[in-house]
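A.B. asks: Everything below, folded, please.
(one chain, ligands or ions: 1)
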Amino acid sequence: MTEQVPEPDHGTAGAKARVAAAGADAGLPGALESGLPEGSAETASVGRWNFLKYGAAAGLGALALGGLGGAAPAQAMAAGLRSPAQSATSTGTRPSAVVPIPGVLDLYINEGYLKMVDDSLVYHRGFGDRPTGLRDASPSLAVVPKVFTADGRLVESRTYPLGAALPPRGTPLPFGPDPANPGQYFIRRNHWASYFPARTIIAEVGSTLRFRVHNRLSKDHEFVLHDVGPSHADARTGPIAPGEAALLELPCPSAGTYIYSDPTNAPVERTLGLFGALVVMDPVHQWDITAGKASFERQWVWICHAVESNWAAMEAAGGTVDPLQTKAVPRYFTLNGRSGYESLAITRNEALNLASEEETLVSGYPRQLDVRQFGEGTTAGTLRGGQLVRLINPGIVYHQIHFHGNHLWTVRRNNYHWPRRDGYVDEQGHVVLQQWEDVVELEPMDRKDCIVPVKRPPDALDPVWYARTTDWEYPMHCHAEPSQTAAGGMYPGGLVAHWNLKAPIPGEGA
Ligand SMILES: [Cu+2]
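C.D. replies: Next up, the predicted model:
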């Protein structure tokens with residue numbers, strides 16, 4: 001490599017060629033995640049960016065990371081992308097990719113049109129992982145999941161833990177029958193990987209998170225990781241001018257569920273699609289929420305969103321939405337980016353159906369579950385725990401997530417672990433106590449970690465339970481009723497899902 005610093009715009013073809021060449025070298029650790037060898041000049045140059053900026057509001061200043069060396073500029077450094085606002089014009093622009101840097105996640109703030117569940121096209125913005133233009137038929141508005149590992153790699157992977165067994169169609173297979181509970185199963189402890197939806201970034205405790213955020217649009221934008229700093233401060237790039245890029249580096253926050261977004265003109269840019277989720281895992285406890293807390297068979301990330309197509313149209317036309325002047329009236333509601341029959345995996349597109357089953361539609365074999373002893377199995381290698389669902393709401397609607405068949409046991413809200421006794425009512429009137437919940441409230445920017453027990457439904461009488469030969473599929477819908485529709489009335493075109501209690505395995509203790 002001859003470049004001494006990351007250079008802008010070598011052209012898409014050139015950058016892709018580098019990535020492809022590295023990817024072809026299967027023997028190179030991290031070949032997947034970088035077009036550059038370890039120890040190159042580009043690696044060395046990362047040291048110049050060692051700074052960290054926390055603050056709940058812009059202007060709180062920078063917090064230098066002593067010991068990591070280098071100057072600590074008080075604002076994000078511009079990485080010098082060529083030609084401002086390349087994508088501001090709708091035709092004739094050539095997407096520009098930059099030379100990747102090992103361990104650094106390039107996020108491109110793109111715009112484009114997405115097909116809604118009723119086939120209409122709605123303008124969106126998003127943090128993509130490759131540069132795409134406004135008229136791109138397949139715009140990059142969400143990242144394919146990436147993992148920052150504790151050993152310093154950045155790996156693209158839809159599943160985590162890396163290398164763990166993949167559950168077929170998303171469903172973990174059981175360890176074996178539970179003799180004491182007919183029709184139920186022991187499940188495997190510390191075995192199955194989980195699939196994650198687009199927009200998810202995973203980080204292992206002990207890693208360093210490094211982002212290079214490229215603003216390819218015509219207005220200022222910002223990349224903020226909410227709540228990840230000391231005292232729940234945000235980590236932020238500061239405003240990034242059109243055509244510029246900013247660098248953000250921070251130590252991995254504690255295990256938990258976080259949101260990233262562009263808070264500019266809040267909540268407008270976020271609503272236009274500039275949001276995503278960060279899941280932090282302890283690499284030593286990959287099947288626990290965090291060390292010593294609830295274990296799970298596999299986990300699910302559910303990202304809720306509301307699409308305001310009127311706002312989108314105003315911004316697409318070059319305007320700036322004033323959210324006080326133009327009240328939000330969301331027209332589409334998504335779960336992991338899908339609505340209605342697409343979320344429910346009942347389309348004619350088998351790849352889409354499979355992705356929904358792997359990422360969204362909770363499924364498992366029935367097991368005995370006692371929430372007083374999460375994770376406890378009675379046979380070595382088994383678990384009697386449930387599955388973890390991380391409910392995440394970067395949208396602007398208050399959701400009321402309601403499962404049929406099983407109640408959910410909520411253990412955490414916004415990474416605050418709820419107590420099991422001595423619960424209380426907080427200033428907003430919420431009960432703060434671990435408990436079974438029929439409906440889980442999710443305010444805008446809320447994250448709740450809930451256990452789906454995947455157990456025999458309490459109202460399933462013995463004769464019914466023992467006669468069972470098929471999967472039992474239960475709806476999940478949101479009790480904020482407009483969110484169940486699309487385009488102001490198409491039902492069930494909105495934020496819907498189901499979960500699947502798998503049928504007994506013939507000959508296995510059913
Ligand atoms: Cu219901």
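A.B. asks: Next, the buried residues of stretch 453-465.
C.D. replies: Buried residues in stretch 453-465, counted by 16 or more other CB atoms under 10 Å: 453-457, 460, 465. All C-beta spots, glycine's among them, are computed from the backbone N, C-alpha and C.
A.B. asks: correction: stretch 204-214
C.D. replies: Buried, per 16+ other CB under 10 Å, within stretch 204-214: 204-205, 207-214.
A.B. asks: And those residues, which is closest to G494?
C.D. replies: Within these, proximity to G494 (CB to CB) peaks at V213, which comes in at 30.8 Å.
A.B. asks: so is the closest one in a helix, a strand, or just coil?
C.D. replies: Secondary structure, DSSP: H, G, I helix; E, B strand; the rest coil: V213 is strand.
A.B. asks: on that earlier part again, let me have the buried residues of stretch 453-465 in TSV, extended by pLDDT, distance to G103 and secondary structure.
C.D. replies: Shown next, in TSV, are the buried residues of stretch 453-465 (pLDDT from 0 to 100; distance: CB to CB, whole Å; DSSP: H, G, I helix; E, B strand; the rest coil):
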residue	pLDDT	distance to G103	secondary structure
P453	94	39	coil
V454	96	37	coil
K455	94	42	coil
R456	94	46	coil
P457	94	46	coil
A460	93	50	coil
W465	94	51	helix
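A.B. asks: circling back to that earlier point, grab the two from the buried residues of stretch 204-214 that are most spread out in space.
C.D. replies: V205 and H214 (27.7 Å).
A.B. asks: nearest residue to the residue positioned nearest the centre of the chain other than its sequence neighbours?
C.D. replies: The residue lying closest to the centre of the chain (CA atoms, centre = their mean) is T200, at 2.8 Å. Closest residue in space to T200, ignoring its immediate chain neighbours: P145 at 4.5 Å, by CB to CB, 6 or more residues apart in numbering.
A.B. asks: got a list of what that neighbour touches?
C.D. replies: Applying CB atoms under 8 Å, 6 or more residues apart in numbering to P145 gives the contacts 156-158, 160, 196-202.
A.B. asks: and what of I240?
C.D. replies: I240 touches 76, 109, 213, 215, 220-223, 246, counting by CB under 8 Å, 6+ apart.
A.B. asks: Check E443 too.
C.D. replies: With contact taken as CB under 8 Å, 6+ apart, E443 is in contact with 393, 398.
A.B. asks: ok, so what distance separates it from L495?
C.D. replies: Here E443 is placed at a distance of 15 Å from L495 (CB to CB, to the nearest Å).
A.B. asks: Kindly report the same for I101.
C.D. replies: Applying CB to CB, the value for I101 to L495 is 37 Å.
A.B. asks: How many neighbouring residues does A467 have?
C.D. replies: 8 (other CB atoms under 10 Å).
A.B. asks: And it, how close does it get to N500?
C.D. replies: As judged by CB to CB, A467 and N500 stand 18 Å apart.
A.B. asks: Show me the domain layout of this protein.
C.D. replies: 12-83+102-158+198-281, 164-195+293-501 (automatic domain parsing).
A.B. asks: Quick check: which of the ones you listed is nearest to W287?
C.D. replies: Nearest of the domains of the chain to W287, taken as CB to CB: domain 164-195+293-501 at 4.9 Å.
A.B. asks: Just put the domains of the chain in TSV and tack on distance to G507.
C.D. replies: Output for the domains of the chain, formatted as TSV (distance: least, CB to CB, whole Å):
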stretch	distance to G507
domain 12-83+102-158+198-281	33
domain 164-195+293-501	9
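A.B. asks: Mean pLDDT lowest where, among these?
C.D. replies: Note on the domains of the chain: domain 12-83+102-158+198-281 shows the lowest mean pLDDT, a mean of 76.
A.B. asks: what is Y258 paired to in the beta sheet?
C.D. replies: Here Y258 sits in beta bridges with L278, as judged by DSSP bridges.
A.B. asks: for it, what are its contacts?
C.D. replies: By CB under 8 Å, 6+ apart, the contact list for Y258 reads 225-228, 277-280, 415, 447.
A.B. asks: follow-up on the earlier one: any idea how far the residue nearest to T200 is from A193?
C.D. replies: Computed as CB to CB, the P145 to A193 distance reads 12 Å.
A.B. asks: which neighbours do the two share?
C.D. replies: Common neighbours of P145 and A193 (criterion: CB under 8 Å, 6+ apart): Y160.
A.B. asks: so can I have CSV of the contacts of Y258 showing distance to Q400 and neighbour count?
C.D. replies: Shown next, in CSV, are these (distance: CB to CB, whole Å; neighbours: other CB atoms under 10 Å):
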residue, distance to Q400, neighbour count
L225, 27, 25
H226, 22, 22
D227, 23, 21
V228, 27, 26
A277, 20, 25
L278, 24, 24
V279, 23, 22
V280, 27, 22
N415, 21, 19
R447, 16, 26
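A.B. asks: in a helix, that's where G152 is, yeah?
C.D. replies: No: counting by three-state DSSP, G152 is not found in a helix; it is coil.
A.B. asks: quick one, phi/psi of it?
C.D. replies: Main-chain torsions, G152, degrees, to the nearest 10: phi 90, psi 10.
A.B. asks: what's the span of stretch 474-483 from first residue to last?
C.D. replies: 18 Å (CA to CA, to the nearest Å).
A.B. asks: I meant to write stretch 454-466 there.
C.D. replies: Length of stretch 454-466, first residue to last, CA to CA: 17 Å.
A.B. asks: Run the chain-centre distance for it.
C.D. replies: Stretch 454-466 sits 33 Å away from the centroid of its parent chain (CA atoms, centre = their mean, to the nearest Å).
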